[in-house]
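here's my sequence, what's the structure:
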Amino acid sequence: MPMKELKAYKRVETAAGETVTVTLEVPAEAFCYYDRRMACGMHDCNYTVLLATSSEDIHQDFDVQVRDEKLL
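Reported below is the predicted structural model:
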């Protein structure tokens, strides 16, 4: 698995000094991958979701756990 993958984005234009609230929906399928047996699904794993303007300019992060094909 790659270390980072883009799963959702939204282009937002703002004026200088303007603050906006942006909502992104990341579907559960974004946490699916093929395991070593080539079985695709939501396998038990821990993820860190990054909120950023680029892969190098990270503003916030939070952890997500997948257990028994459920997001926690």
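
relative to Lys70, how far out is the residue nearest the centre of the chain?
The centroid of the chain falls nearest to Val49 when counting by C-alpha atoms, centre = their mean (4.4 Å). Shown here: Val49 relative to Lys70, a distance of 16 Å by C-beta to C-beta, to the nearest Å. Quick note: C-beta positions are derived from backbone N, CA and C, even for glycine.

returning to what we had before: tell me the helix or strand right after the strand or helix carrying the residue nearest to the centre of the chain.
Using DSSP states H and E, Val49 maps to strand 45-52. Next along the chain after strand 45-52, taking DSSP H and E as the criterion, comes strand 58-67.

and that next one, how far from the chain's centre?
Relative to its parent chain, strand 58-67 has a centroid offset of 7 Å by C-alpha atoms, centre = their mean, to the nearest Å.

residues contacting the next helix or strand after that strand, please?
Once strand 58-67 ends, the next helix or strand along the chain (criterion: DSSP H and E) is strand 70-71. The contact list for strand 70-71 (C-beta atoms under 8 Å, 6 or more residues apart in numbering) reads Ala28, Phe31, Met42, Val64, Gln65.

same check on stretch 5-20?
Contact with stretch 5-20 is made by Val22, Leu24, Glu25, Val26, Ala30, as judged by C-beta under 8 Å, 6+ apart.

tell me the mean pLDDT over it?
For stretch 5-20, the mean per-residue pLDDT is 92.

show me what the closest residue in space to His59 that isn't next to it in sequence bridges to in the sheet.
Of all residues not flanking His59 in the chain, Leu51 sits nearest, at 5.3 Å (C-beta to C-beta, 6 or more residues apart in numbering). Beta-bridge pairing of Leu51, defined through DSSP bridges, involves Gln60.

good, wrapping up.
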